[in-house]
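Asker: quick check, what structure comes out for this input:
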Amino acid sequence: MPRAYPEEFRRDVVEIARRNETPIAQIAKDFGISDAVIRRWLAKADVEDGLKPASAAMESAELREANKRIRLLEMENEVLRRAAVYLGRGINPK
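Answerer: Alright, predicted model coming up:
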């Protein structure tokens, strides 16, 4: 599991990388992290700071959650429908 870096450390690295004075690969080497991590932090910071719109990944996660909720509600509805049919057999309306 990747180790967690303190939020302040992340902010500092992002700030340094945004200055564009040093290549990201060099910043990564200096801080002992991979350049992919810095690029991921930059992308996340851009979204949080409003510089870029939210990624499709975030929307995709919301869509997955909505689909889970829909499946659950459909299963609950099916259970209630079957219960109504079962209970309806015992009652003979005249």
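Asker: give me the residues contacting stretch 37-46.
Answerer: 10-11, 13-14, 17-18, 24, 27-28, 51-52, 55 (CB atoms under 8 Å, 6 or more residues apart in numbering). (Glycine included, C-beta is placed from N, CA and C.)
Asker: please, which helix or strand holds Arg39?
Answerer: helix 35-48 (DSSP states H and E).
Asker: buried residues in that helix?
Answerer: Using 16 or more other CB atoms under 10 Å as the test for burial, helix 35-48 gives 37-38, 41-42, 45.
Asker: now do the strands in the chain.
Answerer: Along the chain, no segments are classed as strands by DSSP state E.
Asker: quick one, domains of it?
Answerer: Partitioning the chain according to automatic domain parsing yields domains covering residues 1-53, 61-94.
Asker: how far off centre is stretch 26-36?
Answerer: 25 Å (CA atoms, centre = their mean, to the nearest Å).
Asker: list of residues touching it?
Answerer: 5, 13, 16-17, 22, 24-25, 37-38.
Asker: how close does the closest residue to Ala28 other than its chain neighbours sit to Glu48?
Answerer: Nearest residue to Ala28 in three dimensions, chain neighbours excluded: Asp35, at 4.1 Å (CB to CB, 6 or more residues apart in numbering). Separation of Asp35 from Glu48 (CB to CB, to the nearest Å) stands at 20 Å.
Asker: Ile27 now?
Answerer: 19 Å.
Asker: try Pro23
Answerer: Applying CB to CB to Pro23 and Glu48 gives a distance of 23 Å.
Asker: cool, Asn77 as well?
Answerer: Distance of Asn77 to Glu48, given as CB to CB: 39 Å.
Asker: in this protein, which ranges drop under the pLDDT threshold?
Answerer: In the predicted model of the chain, residues 1-3, 54-57, 90-94 satisfy pLDDT under 70.
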